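# Let's see this in three dimensions:
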Amino acid sequence: MRALENIFMIAVAGSVALVLTSCGPSGDKPNVELIQDMMETQADKPQRFDDFFKDHTSSRVPPDHTIPVGFKPYKYGVNFDAANKENKNPMAGDVSVETLMVGQKFYETNCMVCHGMSGKGDGVVGTKMAKTPPSLVSDKIKGWNDGGIFHVITMGQGTMGPYASHIPQQYRWQVVNYIRQLQKQDTKAGQ
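Here you go, the predicted model:
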């Protein structure tokens, strides 16, 4: 009788273990969602009619003085001279493979079409523009501080629009470091 109780207990424990291990997500199988609206809420379309609000629109303006999580306001606005002088590169001199790879990725995605692979302003789109983009390896750009290059990426300049929404804030300094690397390569090639 005792042996039968032990077998029964082992069978119950095994069944409980089997049920518990099969409940969680495993590999490529998603969790079972019993009430789907609890996991993902339906997004409102901005122009959708909504009886709840007086203006009958579903989209709401965020409250005054709120900023998105992780957002850091850019304090230099359109003042290039102040940004060039005061904005310091927290990654200055970082030529690690990781930093340059990230900078290269964002440069090739956003900048290369106008400024070219080597930064000389000879990109596929740049050569077709009425006013060709400046060479990033010119003495003028080499003379800028890192903050000046960061400022132009963030706010744009001349016919170049701002790339603040294209290149996340934390990666712009890596693009600056990559441009500095292109300038060093150009200097070596010119010697």
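
# Out of the helices and strands in the chain, which is least certain?
Comparing every helix and strand of the chain by mean pLDDT, DSSP states H and E singles out helix 36-39 as the least confident one, with a mean of 63.

# I'd like to know how many residues surround Asn6.
Using other Cβ atoms under 10 Å, the number of residues around Asn6 comes to 10. Backbone N, C-alpha and C define where each C-beta goes, glycine included.

# measure the residue nearest the centre of the chain to Gln174 for me?
The chain has Pro168 as the residue nearest its centroid, 3.6 Å off, counting by Cα atoms, centre = their mean. Pro168 sits 10 Å away from Gln174, going by Cβ to Cβ, to the nearest Å.

# re earlier: mean confidence score for the helix or strand that the least confident helix or strand of the chain is followed by?
Following the chain from helix 36-39 toward its C-terminal end, the next helix or strand by DSSP states H and E is helix 80-86. Across helix 80-86, pLDDT averages out at 95.

# From the contact counts, what lies against helix 80-86?
Counting contacts by 3 or more Cβ pairs under 8 Å, 6 or more residues apart in numbering; DSSP states H and E, helix 80-86 is packed against helix 146-155.

# Check the offset of the helix it packs on from the chain's centre.
Offset of helix 146-155 from its chain centre (Cα atoms, centre = their mean, to the nearest Å): 16 Å.

# Specify the angle between whatever helix or strand comes next after it and helix 146-155 in degrees.
Scanning forward in sequence from helix 146-155, with DSSP H and E defining helices and strands, the next element found is helix 169-190. The directions of helix 169-190 and helix 146-155 differ by 120 degrees, with axes from the mean of the first three to the mean of the last three Cα atoms, to 10 degrees as the criterion.

# Quick check: chain neighbours aside, which residue is closest to Lys120?
Take Lys120 and drop its neighbours on the chain: the residue closest to it by Cβ to Cβ, 6 or more residues apart in numbering is Ser135, 4.7 Å away.

# Also Lys72?
Nearest in space to Lys72, with sequence neighbours left out and distances taken as Cβ to Cβ, 6+ apart, is Gln169 at 6.3 Å.
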